[in-house]
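Chemist: sequence below, structure please.
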Amino acid sequence: QVQVVESGGALVQAGGSLRLSCTASGTIPGIHAMSWYRQAPGKQRELVAGINSVGSTNYQASAKGRFTISRDNAKNTMYLQMNSLKPEDTAVYYCNVDVCDTSSCGSFMDYWGKGTLVTVSS
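Modeler: Modelled structure (predicted):
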């Protein structure tokens, strides 16, 4: 079994910064990719940023230049540094982890955390 836990969400003023963390634990032969998603009230869940096993990253357009995703493979942990936060960044942020079936990662399975709430006040 794999557990995914996010942390770091908080109430912050517009223009402020937050650092989110996501840690996967349990039986983990390897991790293919890790991603941050968010879901604002009344909206669909959307991809914010992702990072693969070799460190290649991708970002949603609104996150580019403000957010930085990183990961520590030894700790099965991913981070999202969020700067210049805006009220429209308010959402529950979810971590998604693609856990490999074996160390060679022929296939992988998706795991989700329960989310951490980020609230940006104007």
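Chemist: how about the nearest residue to residue 80, chain neighbours excluded?
Modeler: Spatial nearest neighbour of residue 80, excluding adjacent residues (C-beta to C-beta, 6 or more residues apart in numbering): residue 20 at 4.3 Å. Backbone N, C-alpha and C define where each C-beta goes, glycine included.
Chemist: I'd like the next helix or strand past the helix or strand hosting the one you found.
Modeler: Using DSSP states H and E, the element containing residue 20 is strand 18-26. Using DSSP H and E, the next helix or strand after strand 18-26 towards the C-terminus is strand 31-39.
Chemist: what comes into contact with that next one?
Modeler: 20, 22, 24, 45-53, 69, 71, 73, 76, 78, 80, 89, 91-100, 105, 108, 115, 118 (C-beta atoms under 8 Å, 6 or more residues apart in numbering).
Chemist: so that strand versus strand 18-26, what angle?
Modeler: 130 degrees (axes from the mean of the first three to the mean of the last three C-alpha atoms, to 10 degrees).
Chemist: use 30 as the first number for this chain going forward.
Modeler: Understood, numbering begins at 30; the last thing we discussed is strand 60-68.
Chemist: how about strand 60-68 as CSV, C-alpha atoms only?
Modeler: Extracted C-alpha coordinates of strand 60-68, given in CSV (Å, rounded to 0.1, in the frame of the first residue of the first chain):
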residue,chain,number,x,y,z
ILE,A,60,8.3,6.7,-8.8
HIS,A,61,7.8,7.7,-12.4
ALA,A,62,6.3,11.2,-12.0
MET,A,63,4.8,13.4,-9.4
SER,A,64,2.4,16.2,-10.0
TRP,A,65,0.5,19.0,-8.3
TYR,A,66,-3.2,19.5,-9.1
ARG,A,67,-5.6,22.0,-7.6
GLN,A,68,-9.4,22.4,-7.4
